[in-house]
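Visitor: Compute the structure for the input listed below.
(one chain, ligands or ions: 1)
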Amino acid sequence: MNNRRRIAIIGAGVAGMALAILATKQGFQVSLYERDSGVSSFGGGVTLWPNAVFVLQQMEVEKEIKRIGGEPRFIRQFDQNGIRQGVLDIEAVNMLSGFPSVTILRRDLMCTLARALDDLGVEMHFDCSMTAQDIDGLKQRFDLVVGADGRMNSVVRQTLYAEKVSPCYQGFINIIGISQLEAAVLDNAIHDFRGAGERFGIVPVRAGLCFWAGAWTAPLDRERSLSAWYAEMHRRFLDWPDPVQSVLNSYDKASLSRIFVHDLDPLPRWHQDNVLVIGDAAHASLPTSGQGACQALEDAWHLARILAGQSELDKVLTEFYRQRIAKVSAAQSVGRQLAQSIFGDHSETQPSVSGISVEQLSQFWMQGLAIE
Ligand SMILES: Cc1cc2nc3c(=O)[nH]c(=O)nc-3n(C[C@H](O)[C@H](O)[C@H](O)COP(=O)(O)OP(=O)(O)OC[C@H]3O[C@@H](n4cnc5c(N)ncnc54)[C@H](O)[C@@H]3O)c2cc1C
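Guide: Sure thing, here's the model as predicted:
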């Protein structure tokens, strides 16, 4: 596609902002539409594994991300009594991958991407909740319309399918938050505590700041009040080890969210005519994959690169699906398998992080990311 062509992106999340940065750098004219009144500060944090940091380096924001994020050295896995079950050497994975792993608060990641967009002079339109009718209009005015409008109610995804595409509830909830701890409590390691049908993960960022998620098997009950869910979390994890008690005693109340965890079944196609979906709208995976934001960033990098190298739009969009479907489906499948072992059939032995080789992990994450 000719580099002066125009791209409309719907959704200023990780995928939408990353694509806006990379496509603008390639010379495309980009307009970004977001339904909220500003860049989202929702959520706790994300772990950006080496594949994500590779993309952030291409976007020239890697240094800033490393400055404001943390670089944990290990994942330590425990049972609910604090008995060590396994360890993953993150530094060894980083070394093999050639890029670091960075933990970051979601609001800091979003602000960094928004600043990069501002520096590039990208048109950002807030308070624009796009409808199917608006998308029809954009299709006429732009060469390409990209839906990066998230997992639950993607309007753009729905315009591609006659039947309703419904995300699947996977039978567990996450309560997420941000806490301030003595740095020594976590010793720069991600802590992953698991019981039968329950999990509590704590991720250090910097200077004692951490984000965390408490998860358990639960019915999809939207009527129940948030305070009832939060009270249940305190009851459930009351006897869990000290780091869990420390975060539960020190969280910022405004940072709490309750999420009924959904993902998508793999979709047979992501485009029609000049409309495409990327990120969670195309292939949402469970948080147990640890790859949602990382794969959203990879989508942006692959798409910008294919667009720059190929002039026929239909070939671009077909090639994008061909290059991406295997890896994102693998991430979805890994997320479901781990979720099933924790929140599903409790008789199954839960996999230990020590059972994954650092070589396999780095090969999987870095697959498809070479620069020619
Ligand atoms: C608890 C939890 C923990 C996670 N931890 C990790 C992790 O450690 N590592 C990782 O890689 N991933 C993680 N993820 C997943 C990750 O957060 C998502 O996969 C990622 O944010 C997807 O980005 P996206 O841009 O596709 O969608 P989103 O970030 O959801 O962005 C979609 C945007 O579109 C906007 N929008 C929606 N509809 C419209 C409309 N009609 N018009 C205009 N705008 C619209 C929304 O307001 C939003 O800004 C986690 C997810 C959860 C729930």
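Visitor: for the ligand, what are the nearby residues on this structure?
Guide: By C-beta under 6 Å from any ligand atom, the part of the chain that sits against the ligand consists of 10-16, 33-36, 40, 46-47, 128-130, 148-150, 155, 174, 176, 213, 259, 279-281, 287, 290-294, 296. C-beta coordinates here come from the backbone N, C-alpha and C atoms, glycine included.
Visitor: rerun that using 5 Å as the cut-off
Guide: Residues of the chain lying near the ligand by C-beta under 5 Å from any ligand atom: 10-11, 13-15, 34-36, 40, 46-47, 129-130, 148-150, 155, 174, 176, 259, 279-280, 287, 290, 292-294, 296.
Visitor: What about those, which are in strands?
Guide: The strands in this structure, assigned by DSSP state E, contain 10, 46, 47, 174, 176, 259 from the residues of the chain next to the ligand.
Visitor: Find the closest residue to the ligand in the stretch 51-200 of the chain.
Guide: Closest approach of the stretch 51-200 of the chain to the ligand (C-beta to the nearest ligand atom) occurs at residue 150, with a separation of 3.1 Å.
Visitor: thinking again about what came up before, now the residues of the chain next to the ligand: which count as buried?
Guide: Judged by neighbour count, with 16 or more other C-beta atoms under 10 Å as the criterion, the buried members of those are 10-11, 13-15, 34-35, 40, 46-47, 130, 148-150, 155, 174, 176, 279-280, 287, 290, 292-294, 296.
Visitor: Correct me if wrong: residue 130 contacts residue 155.
Guide: Yes. Contact status for residue 130 versus residue 155: in contact at 6.0 Å, counting by C-beta atoms under 8 Å.
Visitor: what touches both of these two?
Guide: 10, 149 (C-beta atoms under 8 Å, 6 or more residues apart in numbering).
Visitor: thinking again about what came up before, surely the residue of the stretch 51-200 of the chain closest to the ligand meets residue 13?
Guide: Yes. In terms of C-beta under 8 Å, residue 150 counts as a neighbour of residue 13; the distance is 6.0 Å.
Visitor: Now list whatever residues contact both of these two.
Guide: Taking C-beta under 8 Å, 6+ apart as the contact criterion, the common neighbours of residue 150 and residue 13 are 279, 280.
Visitor: need the contact list for the residue nearest the centre of the chain.
Guide: Against the mean C-alpha coordinate of the chain, by C-alpha atoms, centre = their mean, the closest residue is residue 293 at 2.4 Å. Taking C-beta under 8 Å, 6+ apart as the contact definition, residue 293 lies against 14, 46, 48, 52, 109.
Visitor: Apply 6 Å and report the result again.
Guide: With contacts taken as C-beta atoms under 6 Å, 6 or more residues apart in numbering, residue 293 has the following neighbours: 14, 46.
Visitor: From residue 365, how far out is it?
Guide: In this structure, residue 293 and residue 365 are 13 Å apart, going by C-beta to C-beta, to the nearest Å.
Visitor: thinking residue 148 is in contact with residue 278, fair?
Guide: Yes. With contact taken as C-beta atoms under 6 Å, residue 148 and residue 278 are classed as touching, separated by 5.4 Å.
Visitor: can you list residues touching both of these two?
Guide: Once C-beta under 6 Å, 6+ apart is applied, the residues that residue 148 and residue 278 both contact turn out to be residue 15.
Visitor: pLDDT below threshold where in the protein?
Guide: Of all residues in the chain, those with pLDDT under 70 make up the ranges 1-4, 346-349, 372.
Visitor: From the centre of it, point out the most distant residue.
Guide: residue 140 (30.9 Å).
Visitor: how far is whatever helix or strand that residue lives in from where the chain is centred?
Guide: Assignment of secondary structure by DSSP states H and E places residue 140 within helix 132-141. Centre-to-centre, helix 132-141 and its host chain are 27 Å apart (C-alpha atoms, centre = their mean, to the nearest Å).
Visitor: Show me which residues of that helix are buried.
Guide: For helix 132-141, by 16+ other C-beta under 10 Å, it's 134, 135, 138, 139.
Visitor: Stretch 158-169 too?
Guide: Within stretch 158-169, the residues that qualify as buried by neighbour count (16+ other C-beta under 10 Å) are 158, 159, 160, 167.
Visitor: May I have the distance across it, first residue to last?
Guide: Chord length of stretch 158-169, first to last residue, is 18 Å (C-alpha to C-alpha, to the nearest Å).
Visitor: now that stretch, how far from the centre of its chain.
Guide: 20 Å.
Visitor: Helices along the stretch 1-150 of the chain, start to end?
Guide: Counting by DSSP state H, counting those that start in this stretch, residue ranges of the helices within the stretch 1-150 of the chain are 14-25, 50-58, 62-68, 90-97, 106-120, 132-141.
Visitor: Which among those is found nearest to residue 192?
Guide: Taking C-beta to C-beta as the criterion, helix 90-97 is the member of those that comes nearest to residue 192, at 12.2 Å.
Visitor: What are the buried residues along the closest one?
Guide: Applying a neighbour-count criterion of 16+ other C-beta under 10 Å, the buried positions in helix 90-97 are 90, 92, 93, 94, 96, 97.
Visitor: Please report how far the nearest residue to residue 129 once chain neighbours are set aside lies from residue 134.
Guide: Nearest in space to residue 129, with sequence neighbours left out and distances taken as C-beta to C-beta, 6 or more residues apart in numbering, is residue 35 at 3.7 Å. Here the distance between residue 35 and residue 134 works out to 11 Å (C-beta to C-beta).
Visitor: cool, residue 24 as well?
Guide: Spatial separation of residue 24 from residue 134 under the definition C-beta to C-beta is 22 Å.
Visitor: and what of residue 255?
Guide: As for residue 255, its distance to residue 134 is 33 Å (criterion: C-beta to C-beta).
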